[in-house]
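Trainee: A predicted structure for the sequence below; I have some questions about it.
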Amino acid sequence: MANELNRTFSITFKNDLQSFAYNIQKLDDGKFALERLETEDEVLNDKSYKRKFYLKNSLQQKNDLLFVSLKNKKISINRYILDDKSLKIQKNISNVSCNVISTKKEYEFKFDFGNAAEKTISIFDINKKQDMVPALFYNNYKKKVQGKFKLNGNEKYIILKDLNKK
């Protein structure tokens, strides 16, 4: 893994916190996509762990990162700038729309992928504290790659989307 990835950084978390990080990439057409950072965990003790994040498409100057953290049934979303020496929090999380939905029955959430199949939406299962993986398919009628999330009934989900400039 390390030889194909070119930048790493580590953060220490408490055991009851599940955190995901994304590199916000600006595409050539002015739209944005999310690249989920790969991770490795190291248990420090019974109360905390160190998570190492691997950034594949690192920029030389600054990387725009989005962190989604789940604790119990609460979520926090923060935006950071990673430069050569530090990780700095940003007050602005523009280009990101966050909605919490609660499903009463099973539901399929469909969406279009960006150019070259970049992920333009993420859904988190609050109860399982995990990022969901979409099923991909090619829509012959629309001539584009689409994704589909299958949401279970009686659960809460967080949807991050609208990373495109209007």
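Mentor: It's in.

Trainee: roughly how far does Ile159 sit from Asn15?
Mentor: 26 Å (CB to CB, to the nearest Å). Bear in mind the C-beta positions are built from the backbone N, C-alpha and C, glycine included.

Trainee: looking at those two, which one has more neighbours?
Mentor: Applying other CB atoms under 10 Å to Ile159 and Asn15 shows that Ile159 carries more neighbours, namely 19 against 12.

Trainee: what's across from that one in the sheet?
Mentor: Asn99, Ile123 (DSSP bridges).

Trainee: wait, doesn't it sit right on Ile101?
Mentor: Yes. Checked against CB atoms under 8 Å, the pair Ile159 and Ile101 is within contact range at 6.3 Å.

Trainee: pLDDT-wise, which helix or strand of the protein ranks last?
Mentor: When the helices and strands of the chain are compared on mean pLDDT, DSSP states H and E, strand 97-103 comes out lowest with a mean of 71.

Trainee: the very next helix or strand once past that strand - contacts with which helices or strands?
Mentor: Toward the C-terminus, strand 97-103 is succeeded by strand 107-112 as the next helix or strand (DSSP states H and E). With contacts defined as 3 or more CB pairs under 8 Å, 6 or more residues apart in numbering; DSSP states H and E, the packing partners of strand 107-112 are strand 144-151.

Trainee: can you pull the contacts of Val100?
Mentor: The contact partners of Val100, by CB atoms under 8 Å, 6 or more residues apart in numbering, come to 75, 126, 156-159.

Trainee: the residue most central in space within the chain bridge partners, please.
Mentor: Central residue of the chain (CA atoms, centre = their mean): Tyr22, 4.6 Å from the mean position. Counting by DSSP bridges, Tyr22 is bridged to Arg36, Leu66.

Trainee: list the contacts for the closest residue to Lys142 other than its chain neighbours?
Mentor: Leaving aside its chain neighbours, Lys142 sits nearest to Asp112 (7.7 Å; criterion: CB to CB, 6 or more residues apart in numbering). When contacts are counted by CB under 8 Å, 6+ apart, Asp112 touches 120, 142, 144-147.

Trainee: Gln130 against Ile123, yeah?
Mentor: No. Gln130 is beyond contact range of Ile123, at 10.0 Å (criterion: CB under 8 Å).
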